[in-house]
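**Student:** Everything below, folded, please.
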Amino acid sequence: MLRRATDIRKLRIRAVDGDMGKVHDLYFDDRRWTVRYFMVVTGGWFRRRDVLISPASIGRIAHADTAIETVLTRDQVENAPRAEEDMPVSRQYEAAHAEYFGHRYYWTGPHLWGPNALPGAPREQNSPDSGATLPHGVESGEWGDAHLRSMVEVTGYALAAKDGSIGHVDDFVIDDESWEIRYMLVGTRNWLPGRHVLMAPSAVESVDWAARTVHSRLDREEIRERPEYTE
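**Tutor:** Predicted coordinates for the structure are as follows:
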């Protein structure tokens, strides 16, 4: 099922022994355009803790659900490697996170989730990525390189077509089985009400993180002529 990122961020996260908190953000891989983690806020005002939870720890989300069910306990989440909000996520942190929860490294194979097309397959003992000092398939120069981006951050980025500015990124549309980003929801005007159209990540030429701009390989007319998005 396809879901908007803003709708996913309205959901709560539930452990097998009770509620854990709320989805605050989604972190996606800027090379494979796939959601890798939910940023979950646990505790309260005085005990707030930000934790990353992989889609490998959850099941399918029913249409009417108001919470995401996980296979984790609250103790597992409370004792997980802590994530700092708005900080880059390094491979070192991801490796420690995968080791703690028993997940496979998603960057070790040809598919969206490493050796698998979908998240959720546990890492086997003595598998190629088990206990590796440097994850298999990651060069030493990439070990500290972050490739995860915040959807909250990227929402609102300017959209530049080949022949000039056209609008902004308004939201993301996500497959809740594979967690692949299928489309960016694009507003074709910056200030006045305009059409909203869907643009696939394959139409993205590059992202200038410093300038907060997504560059498309399409021209403005090609983007404007895409079918208008409706709920």
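**Student:** First-to-last residue distance for stretch 153-167?
**Tutor:** End-to-end distance for stretch 153-167, by C-alpha to C-alpha, to the nearest Å: 16 Å.
**Student:** cool, stretch 175-195 as well?
**Tutor:** End-to-end distance of stretch 175-195 (C-alpha to C-alpha): 23 Å.
**Student:** Give me the buried stretch members for it, please.
**Tutor:** For stretch 175-195, burial by neighbour count (16 or more other C-beta atoms under 10 Å) applies to 175-176, 178-181, 183-188, 194. Backbone N, C-alpha and C define where each C-beta goes, glycine included.
**Student:** Can you tell me which of those end up in strands?
**Tutor:** Secondary structure from DSSP state E places Asp175, Ile181, Tyr183, Met184, Leu185, Val186, Gly187 of the buried residues of stretch 175-195 in strands.
**Student:** So the nearest residue to the second one once chain neighbours are set aside versus Leu148, what's the distance?
**Tutor:** Right, Ile181. Nearest in space to Ile181, with sequence neighbours left out and distances taken as C-beta to C-beta, 6 or more residues apart in numbering, is Trp33 at 4.4 Å. Remark: distance between Trp33 and Leu148 (C-beta to C-beta, to the nearest Å) = 12 Å.
**Student:** Same question for Leu159.
**Tutor:** The value you get for Leu159 to Leu148, if C-beta to C-beta is used, is 21 Å.
**Student:** Neighbour count for those two, which is higher?
**Tutor:** Counting neighbours by other C-beta atoms under 10 Å for Leu159 and for Leu148 shows that Leu159 has the greater number, 24 against 19.
**Student:** Local confidence estimate at the more buried one?
**Tutor:** Note for Leu159: predicted pLDDT of 95.
**Student:** same thing with Pro88?
**Tutor:** On the pLDDT scale, Pro88 is placed at 61.
**Student:** how far away is Glu228 from Val35?
**Tutor:** Separation of Glu228 from Val35 (C-beta to C-beta): 25 Å.
**Student:** repeat for Val77
**Tutor:** From Val77 to Val35 the distance is 18 Å (C-beta to C-beta).
**Student:** So between these two, which is more surrounded?
**Tutor:** Per other C-beta under 10 Å, whichever of Val77 and Val35 has more neighbours is Val35, with 24 against 21.
**Student:** you'd agree that one is up against Tyr27?
**Tutor:** Yes: here Val35 reaches Tyr27: they are 7.1 Å apart, a contact under C-beta atoms under 8 Å.
**Student:** Look at Arg149 and give its secondary structure.
**Tutor:** With DSSP: H, G, I helix; E, B strand; the rest coil as the basis, Arg149 sits in strand.
**Student:** bridging residues for it?
**Tutor:** Phe28 (DSSP bridges).
**Student:** where exactly do the helices run in the protein?
**Tutor:** Here the chain has its helices, by DSSP state H, at 5-8, 74-78, 91-101, 151-154, 220-224.
**Student:** Would you mind putting these into a markdown table with mean pLDDT and distance to Leu118 alongside?
**Tutor:** A markdown table is the format used below for those (pLDDT from 0 to 100; distance: least, C-beta to C-beta, whole Å):
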| stretch | mean pLDDT | distance to Leu118 |
| --- | --- | --- |
| helix 5-8 | 93 | 17 |
| helix 74-78 | 85 | 22 |
| helix 91-101 | 86 | 16 |
| helix 151-154 | 92 | 20 |
| helix 220-224 | 91 | 31 |
